[in-house]
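Enquirer: Take a look and give me a structure for this.
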Amino acid sequence: MQWVCSVCGYIHDDDEPPDYCYDCGTPGSNFTEWSDDDEDVIRDSFNDEVDDIDLKDDDSAADDDGDMN
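Expert: Got it, this is the predicted structure:
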């Protein structure tokens, strides 16, 4: 059985949810049994976070010879 953390999306593979999330530390009460819908929720959440990242073409991170500072 798999359990998913509703806070960070960590997936725990065991018969019971953990006492706490090994990634974010939230209590085990925030775990729900994994369902096929969870994959879509996690993917959508990840895509939203990626969309929020500002990927500007900024040369300020490289010095004159093109190496990163």
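Enquirer: what helix or strand is Trp3 on?
Expert: strand 2-5 (DSSP states H and E).
Enquirer: who does that strand pair up with?
Expert: Take DSSP bridges as the rule and strand 2-5 pairs in its sheet with strand 11-13 (antiparallel), strand 31-33 (antiparallel).
Enquirer: Can you tell me which of those is packed in deepest?
Expert: Ranked by mean neighbour count, these are led by strand 31-33 with a mean of 15 (mean count of other C-beta atoms under 10 Å). From N, CA and C alone the C-beta is placed, and that goes for glycine too.
Enquirer: Give the residue spans of this protein that score low on pLDDT.
Expert: 36-69 (pLDDT under 70).
Enquirer: Okay, helices next: where are they in it?
Expert: 36-52 (DSSP state H).
Enquirer: Residues touching the strand holding Trp3, excluding its own?
Expert: Applying C-beta atoms under 8 Å, 6 or more residues apart in numbering, the external contacts of strand 2-5 come out as 10-14, 16-18, 21, 23-24, 26, 30-34, 38, 42.
Enquirer: Write down the beta-bridge partners of the residue nearest to Cys21 when sequence neighbours are not counted, one by one.
Expert: Leaving out its chain neighbours, the residue that sits closest to Cys21 by C-beta to C-beta, 6 or more residues apart in numbering is Cys5, at 4.5 Å. Applying DSSP bridges to Cys5 gives these bridge partners: Phe31.
Enquirer: Cys5: neighbouring residues, count only.
Expert: 23 (other C-beta atoms under 10 Å).
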